[in-house]
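Enquirer: Next comes the sequence, and after it the predicted model I'd like to discuss.
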Amino acid sequence: MKNAHANPCGRRGPAPLAALLLAWVLLLSWLPLAAVAQGRTGPSVTQMRLEQADDGVYLTAAVQFELPSLVEEVLDKGIAIYFVAEAEVFQERWYWTDRKVAQVTRHMRLAYQPLTRRWRLNVSPVPITGTAGFGVSLNQNFDSLSDAMDAVKRVGRLRLGDVAEIGDEPQHQVVFRFRLDTSQLPRPFQIGVVGQADWNIVAERSAKLPLEKQR
């Protein structure tokens with residue numbers, strides 16, 4: 001008869017070692033992904049400026065982000081992508097919730113033109129879908145994607161309204177939002193980008209800004 005006490009652990013002896021090896025393998029496979037994730041910097045609003053001109057109040061903003069390679073591949077195939085910039089101004093009220101005094105939206109459509117080998121950026125105050133929006137859009141052409149993206153990231157002269165509408169307070173509460181609008185992609189692409197982090201380009205910033213006189 002075999003001695004039951006010869007091996008107190010029986011067949012369970014190698015289990016802790018196997019578990020340790022499995023944990024080590026998982027850790028090694030996770031470390032490169034963690035390093036990449038830590039190396040990435042998300043989209044951010046790096047600049048906001050409120051200016052008063054003769055014809056109204058304007059907001060200038062700058063956004064910083066890297067265009068993922070997956071999005072570049074879609075552009076290279078001739079598929080347009082869309083960005084939306086939105087600004088809101090609030091008037092603070094001690095006796096009630098803040099009152100929104102201004103809101104403005106800018107829509108941007110970026111596409112590659114194979115015939116001219118140039119990049120076209122359409123900027124419009126209304127959504128650019130189909131032929132809608134093109135009639136009121138500003139068109140710009142660029143020789144490179146880098147130059148076109150620089151123009152997208154510099155959101156200049158968003159007209160918020162007249163001074164009488166905005167108010168003459170020393171500072172104004174401004175909320176600025178910027179995003180890649182995947183809802184305007186072709187339907188098959190909308191389904192394919194669900195859950196993909198590369199398409200999640202969103203930046204937002206809220207700040208109290210002084211109203212500067214335009215020089």
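Expert: Perfect, I can see it now.

Enquirer: What distance do you get for Ala102 to His172?
Expert: 9 Å (CB to CB, to the nearest Å). Bear in mind the C-beta positions are built from the backbone N, C-alpha and C, glycine included.

Enquirer: Name the residues contacting each of those two.
Expert: Common contacts of Ala102 and His172, defined by CB atoms under 8 Å, 6 or more residues apart in numbering, comprise 89, 166.

Enquirer: need the contact list for the residue lying closest to Ser206 once chain neighbours are set aside.
Expert: Excluding its sequence neighbours, the residue lying closest to Ser206 (CB to CB, 6 or more residues apart in numbering) is Val175, at 4.7 Å. For Val175, the contact set (CB under 8 Å, 6+ apart) comprises 87-88, 90, 204-206.

Enquirer: Make a markdown table from the residues you listed and add pLDDT, neighbour count and secondary structure to it.
Expert: A markdown table is the format used below for these (pLDDT from 0 to 100; neighbours: other CB atoms under 10 Å; DSSP: H, G, I helix; E, B strand; the rest coil):
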| residue | pLDDT | neighbour count | secondary structure |
| --- | --- | --- | --- |
| Ala87 | 97 | 23 | strand |
| Glu88 | 96 | 18 | strand |
| Phe90 | 94 | 18 | strand |
| Glu204 | 97 | 13 | strand |
| Arg205 | 97 | 16 | strand |
| Ser206 | 96 | 13 | strand |
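
Enquirer: Going by distance to Gln64, which of these wins?
Expert: Ranked by distance to Gln64 (CB to CB), these are led by Arg205 at 11.3 Å.

Enquirer: partners of the closest one in the sheet?
Expert: Here Arg205 sits in beta bridges with Phe176, going by DSSP bridges.

Enquirer: doesn't Phe176 make contact with it?
Expert: Yes. Here Arg205 lies in contact with Phe176, judged by CB atoms under 8 Å, at a distance of 5.4 Å.

Enquirer: Now the common contact residues for the two.
Expert: Common neighbours of Arg205 and Phe176 are listed as 45, 48, 61 (criterion: CB under 8 Å, 6+ apart).

Enquirer: out of those, which are inside strands?
Expert: 45, 48, 61 (DSSP state E).

Enquirer: residues in contact with the last one?
Expert: Taking CB under 8 Å, 6+ apart, we find Ala61 in contact with 45, 47-49, 85, 87, 155, 158, 176, 178, 205.

Enquirer: one more time with 7 Å, if that's ok
Expert: Applying CB atoms under 7 Å, 6 or more residues apart in numbering, we find Ala61 in contact with 45, 47-48, 155, 176.

Enquirer: now do the second one
Expert: Listed by CB under 7 Å, 6+ apart, the contact set of Met48 reads 59, 61, 174, 176, 205, 207, 209.

Enquirer: mean confidence score for stretch 175-195?
Expert: The average pLDDT for stretch 175-195 rounds to 79.

Enquirer: Need the CA coordinates for stretch 180-190. PDB is fine.
Expert: C-alpha atoms of stretch 180-190 as PDB (Å, rounded to 0.1, in the frame of the first residue of the first chain):
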ATOM      1  CA  LEU A 180     -14.200  63.700 -35.000                       C
ATOM      2  CA  ASP A 181     -17.800  63.200 -36.300                       C
ATOM      3  CA  THR A 182     -18.100  59.500 -37.300                       C
ATOM      4  CA  SER A 183     -21.900  59.800 -37.800                       C
ATOM      5  CA  GLN A 184     -21.200  61.300 -41.200                       C
ATOM      6  CA  LEU A 185     -19.000  58.500 -42.500                       C
ATOM      7  CA  PRO A 186     -20.500  56.100 -45.000                       C
ATOM      8  CA  ARG A 187     -22.800  53.500 -43.300                       C
ATOM      9  CA  PRO A 188     -20.400  50.500 -43.600                       C
ATOM     10  CA  PHE A 189     -17.600  52.600 -42.000                       C
ATOM     11  CA  GLN A 190     -19.900  53.700 -39.200                       C
END
